[in-house]
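Trainee: Quick one: sequence and predicted model below, then my questions.
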Amino acid sequence: MDFAKPIRLRGQILGGGKLPLVCAPLVAADADGLRAELAAVRAKAPDLIEWRVDFFAAITDTPAVLDALAELRAGAQGIPILFTRRSTREGGHATGLTEPQVLCLYEAVCDTGNVDFVDWELSGEPDLFRHVLAAARRSGAQLIASFHDFHKTPPKDDLVAKFVAMAEVGADIAKVAVMPQDMADVLVLFAATQEAHRRIALPIVSMAMGGHGSLSRMVGWAFGSSITFAVGSQASAPGQIPIEDLRQLLDAIRRGMGVQ
C-alpha cells in the first residue's frame, strides 16, 4: 500500500518509519509557560514539537526568543523542534514584526542550530522565502513550506498546485491546511493530498481544520500526509485531538488496515 512518505532528519527516518508523525504545538505566552507546557507535552512523547512563536509575547526581543529556544532544545530531550511564526494573514497572532524582521529572527534562530524544522508560508515574498531556505540549509534544518486557509477549502486543483509550487521553490516538506464547510470539503482535501503525494517527491502534510476536519487528523496519512498535529497541552488550531486519543485511534485504524 502506498501511504505517506517517511520524513528523514539528518539521515535518520523519524518515528521509526511509523506514520503519521505526531506533532504537538507549544503556544505559551512566556518562558515560564513554555517550561510548563513542554513538561506536559514531553511526557506524552510526541514525534515532533512545534513552537508557535507568534504566541510568545517577547517575540520582538530576539535574545529572549533565542534564550527560550535554547531552553526548549535542552528540555525537549532529543525530540525534534519545529519553529513556526504564523502570520495574521494565515491565522496567526499579531506580533508587531515586519516580514523582513521575521526573516532576521528566522536567520538568528537557524544560526543557533537549535531547530530541526522551520515553517515559512508560501504566500510570503519570494525573496524572503529564498533567504529562509538558505538559512535553513546552512544550519541543517529542513524547511516546511506552508499554506493555510482558515475560511474555506479551495478546489482540488488549486490545492495540488500549492503543493507543486512548494516543491518547485525548493522546500523540503509541503504543507496545506484548509477549513472545510462540510464533509465534501474534507474529501476534496483527501483527493488533493493523494494526487500531490503521487506528483511530487517531497513528503507532504495536509489537514482540514475544525470539527468536520478532525477526520483528516486520523486518516490523512492513508492519503499521503506525513504529519498530524495533536494537543499535548493546548491546541494551536481548531479540530486538534489530544495525543492520547489520537494515538489510540491511529493504532486501531492501522490494525484494521493491516498496517504495522
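Mentor: Everything's here; your move. Note that the structure is predicted; figures quoted are calculated from it, not measured.

Trainee: C-alpha only now, for contacts and for neighbours.
Mentor: Fine.

Trainee: Show me what the mean pLDDT comes to for the helix or strand harbouring residue 104.
Mentor: In this assignment (DSSP states H and E), residue 104 forms part of helix 99-112. The pLDDT scores in helix 99-112 average 98.

Trainee: roughly how far out does it sit from the chain middle?
Mentor: 18 Å (Cα atoms, centre = their mean, to the nearest Å).

Trainee: Repeat that for stretch 126-144.
Mentor: For stretch 126-144, the distance to the chain centre is 16 Å (Cα atoms, centre = their mean).

Trainee: just stretch 26-43 next, same as before
Mentor: That offset, for stretch 26-43, works out to 18 Å (Cα atoms, centre = their mean).

Trainee: Now do the buried residues in that stretch.
Mentor: 26-31, 34-35, 37-39, 41-42 (16 or more other Cα atoms under 10 Å).

Trainee: next one: stretch 192-212
Mentor: Those buried within stretch 192-212 under the rule 16+ other Cα under 10 Å are 192-197, 200, 202-210, 212.

Trainee: rewinding a little: put the alpha carbons of the helix holding residue 104 into CSV.
Mentor: Extracted in CSV, the C-alpha atoms of helix 99-112 (Å, rounded to 0.1, in the frame of the first residue of the first chain):
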residue,chain,number,x,y,z
GLU,A,99,8.2,40.4,7.3
PRO,A,100,11.9,41.4,6.9
GLN,A,101,12.2,41.4,10.7
VAL,A,102,10.6,38.0,10.9
LEU,A,103,13.3,36.9,8.3
CYS,A,104,16.0,38.2,10.6
LEU,A,105,14.5,36.3,13.5
TYR,A,106,14.5,33.1,11.5
GLU,A,107,18.1,33.6,10.4
ALA,A,108,19.1,34.1,14.0
VAL,A,109,17.1,31.0,15.1
CYS,A,110,18.6,28.9,12.4
ASP,A,111,22.2,30.0,13.2
THR,A,112,21.8,28.6,16.7
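
Trainee: could the buried residues of stretch 26-43 be laid out in TSV, adding secondary structure?
Mentor: Output for the buried residues of stretch 26-43, formatted as TSV (DSSP: H, G, I helix; E, B strand; the rest coil):
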residue	secondary structure
26	strand
27	coil
28	coil
29	coil
30	coil
31	helix
34	helix
35	helix
37	helix
38	helix
39	helix
41	helix
42	helix
